Every structure is written in C-alpha cells, then in structure tokens.
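Colleague: Give me coordinates for this.
(chains A and B)
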Amino acid sequence: NAGVTQTPKFRVLKTGQSMTLLCAQDMNHEYMYWYRQDPGMGLRLIHYSVGEGTTAKGEVPDGYNVSRLKKQNFLLGLESAAPSQTSVYFCASRYQGVGTEAFFGQGTRLTVV
Amino acid sequence: GNSVTQMEGPVTLSEEAFLTINCTYTATGYPSLFWYVQYPGEGLQLLLKATKADDKGSNKGFEATYRKETISFHLEKGSVQVSDSAVYFCALRQQGGSEKLVFGKGTKLTVNP
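Modeller: Predicted coordinates:
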C-alpha cells in the first residue's frame, strides 16, 4: 500500500542544470498537485492536474513545467535550476469530490548551488 | 482570491495544556476546510475536516468547528501530549472551478514534558 511516492528524496543541483521530480500514486486519484514548502511561507502550489493529459498553473509556476501522461504519474521539471528553487517539494493526490482528503508524498529536498 | 490566515508560531506548551490555533479564511461561497499536520521529516497528513457551516471535525482529541459567521476554523485540543509536537496547517478548497487546495503558513507546536 504505497500511496504517494516521490523520487528522488534528496538532490543537489548546480545552477543551470535540469532535473525531473517524479510523483507516483497507486490510488487511482484524478487530481494531483505539486507544492513547494519554504520556511515561513507555508505550502505554495506550483502546478496541478485534474486528470490524465491535463495540467494547470498554480500560484508559483515560473521556472517549472509539468506533465501527466499517465493517470498515476505527475512529473515536475526544472529546465534550468536556480538557487531560488532550493526548497522541499511535495506531491499530493486526491479523488474528485467535496471534502476529499489529499494524500501527500514524503517530500523531495532540493538544493541548488 | 482564496486565502487562509493562521496564527503565527511557534507555540510552546507544557504537556496537558489546552491548545488553540486560530485560523480564518477568505473565500467565495462555501469552501471545504481542513487541518493538516506535518510531523518532523514527513509529508502532510489530514487531521480533520469540515465541509459545511457548523460542521465539527474531530480526530485524535483535536476539534475544529466551521464558523461561517466569523469565517473561522480554529483548532483546539483540551490536553496536549509530547507526541502532538508538529507543524499544523489550516487549508481550504473551493468547490468547483480550479479545486485548488490553499494552505496557511503553518504553526509549529512544541509540547514539553
């Protein structure tokens, strides 16, 4: 019973490098989200998806791209990493419906030097 | 747009003390309201929720009541334990439209023995 799995858990990047964070859920959820968590800022929504093949911008989308080619996977890409993208990234998923619970992954700690 | 404001932390209490963490929100219509908890090194997990006015959510001794007249969803617990030490997030989700989950900035609680 894996739930929401994020890969990798830790990563250090040099400025300008690219990488992809993978989020996989095994609960057949329609909705998936990417958040970043920074001290004193709470969680801020980067991008989200309401179904396979669809994505939308959240509160802080600049510098990130996403794809949802399969229902169970939601990928977050950084094309050219910047130190300002140093953060802890969380993926979440949930069923469609009023009041449904969002399930979170364990997080990816990314440092850009 | 939708927003959540919760009391600034950190909050430090002695075991068995009474806890209140204030949360107010701004939203159109009738959002669903949530409290999530984050234990050290982990992702967020749902603590309790309420989907309509006057609903009371409860779990593990924590309670919160959806107050439409005061646009609030304050978290309370009558007697905290050391194991309750964590960061608590208030959140809302507008029904329909983008279905985005919006978080407050979080309140760190430390309970001392």
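Colleague: Give me the contact list for the lengthiest strand in chain A.
Modeller: Counting by DSSP state E, the longest strand found in chain A is strand A:42-51. Outside of strand A:42-51, the residues within contact range by Cβ atoms under 8 Å, 6 or more residues apart in numbering or on different chains are A:30-38, A:55-61, A:64-66, A:68, A:71, A:74, A:76, A:89-90, A:96, B:44, B:89, B:98-106. (C-beta placed from N, C-alpha, C; glycine too.)
Colleague: rerun at 7 Å
Modeller: For strand A:42-51, the surrounding residues in contact (Cβ atoms under 7 Å, 6 or more residues apart in numbering or on different chains) are A:30-37, A:55-61, A:64, A:66, A:68, A:74, A:76, A:90, B:89, B:99-100, B:103-106.
Colleague: for stretch B:104-111, same thing?
Modeller: Counting by Cβ under 7 Å, 6+ apart, A:40-42, B:4-7, B:9-13, B:15, B:21, B:23, B:80-82, B:84-91 sit against stretch B:104-111.
Colleague: swap in stretch B:18-35?
Modeller: A:98-99, B:2-7, B:13, B:46-53, B:64, B:66, B:71-78, B:80, B:88, B:90-95, B:104, B:107.
Colleague: Could you give the number of residues near A:Ala81?
Modeller: Number of residues near A:Ala81 (other Cβ atoms under 10 Å in any protein chain shown) recorded here: 21.
Colleague: Could you verify my assumption that it touches A:Thr111?
Modeller: No - A:Ala81 is beyond contact range of A:Thr111, at 9.7 Å (criterion: Cβ atoms under 7 Å).
Colleague: Quickly check: the lowest-mean-pLDDT helix or strand in chain B near chain A or not.
Modeller: Ranked by mean pLDDT, DSSP states H and E, the weakest helix or strand in chain B is strand B:101-103, scoring a mean of 90. Yes - Strand B:101-103 comes into contact with chain A (Cβ under 7 Å from any Cβ of the partner chain), by way of B:Leu101, B:Phe103.
Colleague: Helices - which of the contacts of stretch B:104-111 land there?
Modeller: Among these, DSSP state H puts none in helices.
Colleague: And the residues you listed, which of them are buried?
Modeller: Buried residues within the contacts of stretch B:104-111, counting neighbours by 16 or more other Cβ atoms under 10 Å in any protein chain shown: A:42, B:4, B:6-7, B:9, B:11, B:13, B:21, B:23, B:80, B:84-91.
Colleague: which non-adjacent residue is nearest B:Met7?
Modeller: Of all residues not flanking B:Met7 in the chain, B:Asn22 sits nearest, at 4.4 Å (Cβ to Cβ, 6 or more residues apart in numbering or on different chains).
Colleague: what number of residues lie near the one you found?
Modeller: Neighbour tally, B:Asn22, other Cβ under 10 Å: 16.
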